[in-house]
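Novice: Need coordinates for the below:
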Amino acid sequence: MEDENKKIYIGTDEEIPSIVSKIQRHEENDVVLVVSAKNEMLQSLINLKILKKKVEEMGKTVSIIQVDSKVKTANEAEDETENKKNIGTNENRRQIGSIRSSIDGNKIQYDKAESKKDDENSRNVHLVSNDSETNLLSIPKNSDHKVKMFDIVRKMEKKTVMDNLPESRKAETDSRIRINEARCLSNNEQARMTSQTNENRDLQKPKKETKKKILIPSINSKIFTLFILTILTTVVLVICFILPEANIGIILKSEPVSYDFEFLTDETLDNVDFANNKIPLKKIDVISEQSDQYPTRGKKHLQEKASGEITVFNEYSSSPQRIVANTRFLSKDSNKIFLVAEAVTIPGFLKVEGVDVPGQVKIKVYADKIGEEYNIGNSSFNLPGLQGSAKYASVYARSTEPMSGGINREVAFFSESDYLTAKENLLKLAKEKNKVDSQNQISDHSILLEQIKKDEDVEIKTNIEVGDLAEKFEMKVIVKNSVAIVDRVNLEKMIDEKIMSKLGANKKLKENSRIYDTPSSIINGDNRINIYVNVKQDVIENIEIENLKAEIANKNEEELKGYFQNIDGIKSIDISFWPFWVQRVPLSYEKIKITIDIND
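Specialist: Sure thing, here's the model as predicted:
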């Protein structure tokens, strides 16, 4: 199986380049070429020399077997080799020594060991043949004699020379060649024996693992120099332009200022009018109401007669019957007397379809005496003055509504004092609610100014009139007011403009340091509102960082200190360079780091 892995099958028409390529690709160092007898490529001296040189360059041991049978094609042999290349073991492989014959047939063995003992071109190639017709180099049949590669080449060269010589010189030349061959043979035999001894000694020693050598490709000196210069240039650029950095910390002083400003307002404006010192004004109508129920506190002793209406009927005659003022009517149910306030005539009865329909009239009556006992319900009445006459039963009266208003005691009523007390209380609550509603009508970004109207519009409603008898009453107070607001952002813009006009370009406002009270306002003659505001503000030095970087680039520490000392508003500075060897501010603005803090 191991020999099969070493074999490379050479087709009939294959040439030296193809054979060399196959040997080079083969993984084994010991390679056996199986050559067809019909392949005439290895019969050429030149081909053998070329193959010998290429094999020496690859450092491999090559054996050649010549066979009579039809040889496999190159592609088939290649596929078979690929499928079997991982089979078997290489533990018996030897780096130095000859490959002994283990295959019947013609075999040439290439010996690497003896190449070091002979001249630099010597390699051992052994040929074993049992068929003179297929012998590559005409070796005698059934010979076990091993022939070295250089001897094979010598014989072929000798044959070439002898064929070209005249017959007279062939004998002399052949004698000289034999003498030289004898000498070479003696030397080669001695070298072979020495090589065999060394080989046996090496076989007894344990194999050492061969370390693979890593070949480093040679580098052109100019390229290497250019590479080194590029690295040095890059390092210099990094040191000069990338690494250097300046960190400058600036602490500014803050200065308080205070101003009083007056601004005009205008309802027609949408934006701040800096030129005319005006800001937009907005008016809002706010309506608030407050209501409640109160007990009446008015008291008085009241004496009243009960009164009501009754209907008087006339069944006595078809002629009208007259009743004079103060005629008495007696209630049959309560036995109470009620009097007619005015004289009245009762129409006579009528016949309707044969039926008498009494004449009737409604009249107002009042109680004979004061008191609540005359507040009676529905009742029937007769006239005591007609008693004993025919009219007594035919002239009578009835009531359909109870009598009311009779009283003789102390009662509560809705007094003027009740009205004023409730009004004062509800009006105060309504005004307070109006202020809250006004605040709710505006956003957080707006400021509420003074009221446009000093006197609010007030409306009061009650469910009863003053003087009415009642235990309680209800009152509602409605307050209508108009308020003015200005947008806080517009006011801030106007204040910014006014302060900056006084400070100049070298100063700027410190953020979140402004304080001002709610602006006061007055209504001028044309019903416009003027705003008055006192502003307290901290200001600081106005430093443009990019301009500052341009000013301080390439300055050293002493120059920086002198530069900053001439700037008002700077309390202190902190300067640091990195790395340690840097002594000046870098030219690159990106490498200048400036931080600004404010001394609170």
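
Novice: Work out for me the element residue 547 sits within.
Specialist: Per DSSP states H and E, residue 547 falls inside helix 545-552.

Novice: What is the end-to-end distance of stretch 532-550?
Specialist: 44 Å (Cα to Cα, to the nearest Å).

Novice: Could you do stretch 584-594 as well?
Specialist: Termini of stretch 584-594 sit 15 Å apart (Cα to Cα).

Novice: List the buried residues in the helix holding residue 547.
Specialist: Under the neighbour-count criterion of 16 or more other Cβ atoms under 10 Å, helix 545-552 has 548, 549, 552 buried. C-beta here means a position set from N, CA and C on the backbone, and glycine is covered the same way.

Novice: Would you mind giving those residues as JSON lines with distance to residue 229 and pLDDT added?
Specialist: Shown next, in JSON lines, are those (distance: Cβ to Cβ, whole Å; pLDDT from 0 to 100):
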{"residue": "548", "distance to residue 229": "38", "pLDDT": "91"}
{"residue": "549", "distance to residue 229": "33", "pLDDT": "92"}
{"residue": "552", "distance to residue 229": "34", "pLDDT": "92"}
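
Novice: low-scoring pLDDT stretches of the stretch 51-200 of the chain, where are they?
Specialist: Low-confidence segments of the stretch 51-200 of the chain (pLDDT under 70): 67-174, 176-200.

Novice: Let me fix that, I meant to ask about the stretch 401-550 of the chain.
Specialist: Using pLDDT under 70, the flagged stretches of the stretch 401-550 of the chain are 450-455, 524-527.

Novice: again, only this time at 80
Specialist: Within the stretch 401-550 of the chain, the segments meeting pLDDT under 80 span 442, 450-456, 518-528.

Novice: now the strands: where do they sit in the stretch 201-350 of the chain?
Specialist: 245-253, 255-266, 278-280, 282-295, 298-314, 321-323, 328-331, 337-340, 344-346, 350-352 (DSSP state E, counting those that start in this stretch).

Novice: nearest to residue 564, of these?
Specialist: Counting by Cβ to Cβ, residue 564 lies closest to strand 245-253 out of these; the figure is 7.4 Å.

Novice: Please list the strands that the closest one pairs with in its sheet, giving the direction of each pairing.
Specialist: The strands beside strand 245-253 in its sheet (DSSP bridges) come out as strand 570-578 (antiparallel), strand 592-599 (parallel).

Novice: mind listing what's buried in that strand?
Specialist: 245, 246, 248, 250, 252.

Novice: What of stretch 586-597?
Specialist: Here stretch 586-597 shows 586, 591, 592, 594 as buried, counting by 16+ other Cβ under 10 Å.

Novice: ok, and the closest non-adjacent residue to residue 400?
Specialist: In space, and not counting its chain neighbours, residue 400 is closest to residue 378: 6.1 Å by Cβ to Cβ, 6 or more residues apart in numbering.

Novice: On the three-state scheme, the one you found is what?
Specialist: Assigned with DSSP: H, G, I helix; E, B strand; the rest coil, residue 378 falls in the coil class.

Novice: how many neighbours does it have?
Specialist: 13 (other Cβ atoms under 10 Å).

Novice: Can you tell me which helices and strands the strand or helix carrying residue 47 packs against?
Specialist: Using DSSP H and E, residue 47 falls within helix 45-58. Applying 3 or more Cβ pairs under 8 Å, 6 or more residues apart in numbering; DSSP states H and E, we find helix 45-58 packed against helix 16-25, helix 149-164.

Novice: Partner strands of the helix or strand just after that helix, with direction?
Specialist: Next helix or strand after helix 45-58 toward the C-terminus (DSSP H and E): strand 61-67. Strand 61-67 has the following strand partners under DSSP bridges: strand 30-36 (parallel), strand 106-109 (antiparallel).

Novice: could you dump the strands of the stretch 201-350 of the chain to a markdown table with mean pLDDT?
Specialist: As requested, these are arranged in a markdown table below (pLDDT from 0 to 100):
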| stretch | mean pLDDT |
| --- | --- |
| strand 245-253 | 92 |
| strand 255-266 | 91 |
| strand 278-280 | 93 |
| strand 282-295 | 92 |
| strand 298-314 | 93 |
| strand 321-323 | 92 |
| strand 328-331 | 95 |
| strand 337-340 | 96 |
| strand 344-346 | 93 |
| strand 350-352 | 87 |
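
Novice: now for those, which one comes closest to residue 473?
Specialist: Across these, closest to residue 473 is strand 282-295 (Cβ to Cβ), at 6.1 Å.

Novice: any idea how far that closest one is from the chain center?
Specialist: 50 Å (Cα atoms, centre = their mean, to the nearest Å).

Novice: Describe which strands that strand pairs with in its sheet and in which direction.
Specialist: Applying DSSP bridges, one finds strand 282-295 paired with strand 472-487 (antiparallel).

Novice: Which positions within the partner strand qualify as buried?
Specialist: 473, 475-481, 483-487.

Novice: got the angle for it vs strand 255-266?
Specialist: Going by axes from the mean of the first three to the mean of the last three Cα atoms, to 10 degrees, strand 472-487 is angled at 110 degrees with respect to strand 255-266.

Novice: I'd like the strands of the stretch 201-350 of the chain as CSV, with distance to residue 496 appended.
Specialist: Listed next are those as CSV, based on distance: least, Cβ to Cβ, whole Å:
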stretch, distance to residue 496
strand 245-253, 19
strand 255-266, 11
strand 278-280, 12
strand 282-295, 21
strand 298-314, 63
strand 321-323, 95
strand 328-331, 91
strand 337-340, 89
strand 344-346, 91
strand 350-352, 99
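
Novice: of all these, which lies closest to residue 360?
Specialist: Nearest to residue 360, of those and by Cβ to Cβ, is strand 298-314 at 5.0 Å.

Novice: okay, that closest one in CSV with CA atoms only?
Specialist: Extracted in CSV, the C-alpha atoms of strand 298-314 (Å, rounded to 0.1, in the frame of the first residue of the first chain):
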residue,chain,number,x,y,z
GLY,A,298,-85.2,90.8,59.6
LYS,A,299,-87.9,90.4,62.3
LYS,A,300,-91.3,92.1,63.0
HIS,A,301,-94.7,91.5,64.7
LEU,A,302,-97.3,91.1,62.0
GLN,A,303,-101.1,91.3,62.3
GLU,A,304,-103.0,90.5,59.2
LYS,A,305,-106.5,89.2,58.2
ALA,A,306,-106.9,86.2,56.0
SER,A,307,-108.4,86.8,52.6
GLY,A,308,-109.4,85.0,49.4
GLU,A,309,-112.1,84.6,46.7
ILE,A,310,-115.5,83.0,46.8
THR,A,311,-118.2,82.4,44.1
VAL,A,312,-121.8,83.6,45.0
PHE,A,313,-124.7,81.8,43.4
ASN,A,314,-128.4,83.1,42.8
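
Novice: Can you list the buried residues in it?
Specialist: Burial within strand 298-314, assessed by neighbour count using 16+ other Cβ under 10 Å, is assigned to 298, 304, 305, 306, 307, 308, 310, 312, 313, 314.

Novice: tell me the contacts of the first one?
Specialist: Read it as residue 298. The contact partners of residue 298, taken as Cβ atoms under 8 Å, 6 or more residues apart in numbering, are 412, 413, 414, 415, 417, 418.
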